[in-house]
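Any chance you could fold what I've pasted below:
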Amino acid sequence: MAGSASYNVISGLIQDKGAREDFNKIIDGDRKFSAKAGTDYIKNATPDEVNAAKSVYVQFKDGKARSLHDVMVEHGLTERSKRRQLNEAERQALQDSRKGVDTDTGLERNSKVIGDEIDRIDNQRNNNTRAISGIKGGIGKNATKIGTNAEGIQANKDAIEDLTTALIAQGEAYQEALDGTKASMHAIANARPIATNVGKAAVGVGVGASGNKQAVAIGASYRFNENWSSSTTINMETAGKYTKEDVSAGVGVHFAF
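Okay, here's the model as predicted:
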């Protein structure tokens with residue numbers, strides 16, 4: 001290939017081994033350099049490639065140091081190719097400029113979209129903030145109501161406890177009164193005497209107990225004749241936790257036939 005031949009000619013002109021190796025690395029590392037040289041290099045080289053070639057210096061047999069680019073120019077650069085290269089550079093610059101305009105327009109559109117999204121997020125955040133404030137206010141009102149309800153519940157609980165205590169005390173009082181009645185009945189029943197003979201009197205004493213109540217009774221009877229007799233009893237009931245000491249009495253007339 002002509003390009004490869006030109007490349008071999010240029011490589012062979014480099015006397016310095018290190019410079020020649022650098023040249024070979026550049027050529028081997030780039031597809032354009034490895035496939036073309038001379039005129040092909042001039043046609044296809046980009047400005048960056050030209051600058052890279054200008055920075056590589058080679059030592060020729062005549063002892064003059066020249067850049068790789070200058071050597072490549074000698075193998076194919078003409079005024080026409082120079083103009084072509086300049087036109088290509090101008091065309092590339094125009095394309096880059098158009099890309100920049102398109103990019104700027106796209107950036108403007110993106111900026112507007114981003115700005116609208118930021119505004120939407122800010123509005124949503126403000127709405128959320130107001131909603132949260134409303135929820136907090138509702139929570140505060142509910143907390144107050146809960147506190148009021150708790151006070152009412154506690155008051156009802158206290159009232160129920162008081163009522164329960166009162167009912168228990170009332171029940172105990174009723175039970176104690178009933179115990180007193182039973183104790184008095186036993187005492188009266190055992191204190192009532194029976195006079196069997198006409199003109200005779202009889203006296204009796206009786207005691208009774210039930211629960212924590214006690215009672216004592218005194219009874220007397222008198223027989224008037226074969227048919228008629230009378231009796232009387234006096235009873236005393238001891239005091240308890242809920243009941244006071246109590247005294248009761250009774251009298252009766254009896255007829256036998």
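
Could you measure from residue 255 over to residue 228?
6 Å (Cβ to Cβ, to the nearest Å). Placement of C-beta: from N, CA and C, glycine included.

For those two, work out which one has more neighbours and name it.
residue 228 (13 against 7; other Cβ atoms under 10 Å).

tell me what the longest helix seen in the chain is packed against?
Longest helix of the chain, by residue count under DSSP state H: helix 79-191. When contacts are defined as 3 or more Cβ pairs under 8 Å, 6 or more residues apart in numbering; DSSP states H and E, helix 79-191 sits against helix 39-44, strand 201-210, strand 213-223, strand 228-237, strand 246-255.

With distance to residue 138 as added columns, please give these in a markdown table.
Shown next, in a markdown table, are those (distance: least, Cβ to Cβ, whole Å):
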| stretch | distance to residue 138 |
| --- | --- |
| helix 39-44 | 75 |
| strand 201-210 | 63 |
| strand 213-223 | 62 |
| strand 228-237 | 65 |
| strand 246-255 | 64 |
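
quick one: which of these is nearest residue 148?
Evaluated with Cβ to Cβ, the helices and strands packed on helix 79-191 place strand 213-223 nearest to residue 148, the distance being 48.1 Å.

In the sheet, which strands lie alongside the closest one, parallel or antiparallel?
strand 201-210 (antiparallel), strand 228-237 (antiparallel) (DSSP bridges).

Let's have these in CSV, adding distance to residue 188 and mean pLDDT.
Below are the strands paired with strand 213-223 laid out as CSV (distance: least, Cβ to Cβ, whole Å; pLDDT from 0 to 100):
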stretch, distance to residue 188, mean pLDDT
strand 201-210, 6, 94
strand 228-237, 5, 95
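
most tightly surrounded among these?
Neighbour counts (mean count of other Cβ atoms under 10 Å) averaged over each of the strands paired with strand 213-223 peak at strand 228-237, with a mean of 18.

Show me the contact partners of that strand.
For strand 228-237, contacts defined as Cβ atoms under 8 Å, 6 or more residues apart in numbering pick out 180, 183-184, 187-188, 191-193, 195, 213-224, 243, 245-256.

Separate out the buried members of those.
Those of those that meet the buried threshold are 180, 183-184, 187-188, 191-193, 195, 213-223, 243, 246, by 16 or more other Cβ atoms under 10 Å.

Phi and psi next, for residue 256.
Taking degrees, to the nearest 10, you get phi -110, psi 140 for the backbone angles of residue 256.

correct me, but it touches residue 226?
Yes: under the criterion of Cβ atoms under 8 Å, residue 256 makes contact with residue 226 at 7.2 Å.

So for stretch 135-155, mean pLDDT?
Confidence for stretch 135-155, expressed as mean pLDDT, is 82.

Any chance you could list what contacts stretch 186-206?
Against stretch 186-206 from outside (Cβ under 8 Å, 6+ apart): 207-210, 215-226, 229, 231, 233, 235, 250.

That stretch: end-to-end distance?
Stretch 186-206 stretches 7 Å from its first residue to its last (Cα to Cα, to the nearest Å).
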